[in-house]
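I would like the atomic coordinates for the input below:
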Amino acid sequence: MSYAKNVLVGFCVLVASALQCGCGSENETNAPAIKLTASTVASGADATAHVHTVTIPFTDISPVPVADVYQFRSEVSNGHSHVIALSKQQVIDLNNGMRLALASSAANSGTSHTHSWSIQGGSVLYEKNCYNCHSNDKRNHNPMNVSFNSSQISAVMNPGSAPLSTSTPATPDPNYSPSTAVSLDGSALYAANCSAVACHGPLATSSKQNKTYNQIKTAITNNSGGMSSLGGLTDAQLQAIATALIK
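Residues are numbered from 1 along each chain as shown. Below you'll find the model as predicted:
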C-alpha cells in the first residue's frame, strides 16, 4: 500500500507540474495590456549593423493559405526598407512550426544591399495562440488546451530546434507596397482563418454554421478558443464570414 501511495502521489505531482505549463489554464493567465494581431520579426544585421522589422498578421498564418505569395515590406531603417516574401507552402510550413530562412529584396533607396531573415514558426504560433492570454509567461512551455499537432507542440516548446523549411522560396518584389484594399470574400476569409481541422472545418460542413457577426465578434473579443488572433479582421470582413456561414 505504501508503494502504491507513493506512486499515486508522484503521479499527482507530475500532473500538477504539467498544468503549470502552456496555454489554456484559466486561473494562470496573465493577459497583456495590448493584444497582438501580428508577429514582429527582425532581420539580421548587415555591415552597418542596422536591422529591419516586418509584421506578419496572424490572419496570414494558416494551414490553408489562399494567396500564392505573401509579401511584407519592412519598416524604414537607415532611410530605406526591404521586402520579404513567403510562398504558399512556406506559409503552411510556418504554421506547422518550421523555421524559415529568407533573403530580402534590395533596399528601395541608398546603397544596394539585402538582409537575411530567420523566422521561427514556433514563436509565431505562440504569439498567435498563447500570447494574448499568457503574455510571455508560458513561452517555451508545453502548450495545453490548444489543438496543435505534434510538430507544432515541439516547435512551440523549442522554436530554434524546429526543422528548417526546404520549400521553394518566393521572390520578393522590390516595388511591392502593402495594399489598402480589404478582401470581403467571406468564403476565402473563412478558408484562410477558420477552416483548419483543429478549428471549425471546411465551410460546407463547418461546426459554426449560421453563427452571426455578433457571435463571431464576441468570441474574438473574449478570446474564445484563442480567437483573439483574428483581431486583425475588420468588422466588414467578419460580417462577410458570417454571411458565408448562412445555410
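
quick one, domains of the protein?
What the record gives for the chain is the domain set 25-174, 181-247, from automatic domain parsing.

could I get these as JSON lines with mean pLDDT?
JSON lines is the format used below for the domains of the chain (pLDDT from 0 to 100):
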{"stretch": "domain 25-174", "mean pLDDT": "92"}
{"stretch": "domain 181-247", "mean pLDDT": "85"}
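
need those in TSV with mean neighbour count, can you?
All C-beta atoms are positioned from the backbone trio N, CA, C, and that covers glycine. TSV is the format used below for the domains of the chain (neighbours: other C-beta atoms under 10 Å):
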stretch	mean neighbour count
domain 25-174	18
domain 181-247	16
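
now the strands for this protein?
With DSSP state E as the definition, the chain shows strands at residue ranges 38-42, 53-57, 69-73, 83-87, 99-103, 116-120.

residue boundaries of the helices in this protein?
For the chain, the helices defined by DSSP state H cover 2-19, 88-95, 121-129, 131-134, 150-157, 186-193, 213-221, 235-244.

so can I have JSON lines of those helices showing distance to P143?
Rendered in JSON lines, the data for the helices of the chain read as follows (distance: least, C-beta to C-beta, whole Å):
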{"stretch": "helix 2-19", "distance to P143": "11"}
{"stretch": "helix 88-95", "distance to P143": "14"}
{"stretch": "helix 121-129", "distance to P143": "7"}
{"stretch": "helix 131-134", "distance to P143": "10"}
{"stretch": "helix 150-157", "distance to P143": "5"}
{"stretch": "helix 186-193", "distance to P143": "20"}
{"stretch": "helix 213-221", "distance to P143": "20"}
{"stretch": "helix 235-244", "distance to P143": "26"}
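
how about the ones you listed, which one is nearest T29?
For these, distance to T29 was read as C-beta to C-beta. The smallest value, 4.7 Å, belongs to helix 131-134.

Just the CA coordinates for that closest one, please, in CSV.
Only the C-alpha atoms of helix 131-134 are listed here, as CSV (Å, rounded to 0.1, in the frame of the first residue of the first chain):
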residue,chain,number,x,y,z
TYR,A,131,0.4,35.3,-26.0
ASN,A,132,-2.9,37.1,-25.7
CYS,A,133,-3.7,35.0,-22.6
HIS,A,134,-0.3,34.4,-21.1
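
what's the offset of that helix from the middle of its chain?
Taking the mean C-alpha point of helix 131-134 and that of its whole chain, the gap between them comes to 13 Å (C-alpha atoms, centre = their mean, to the nearest Å).
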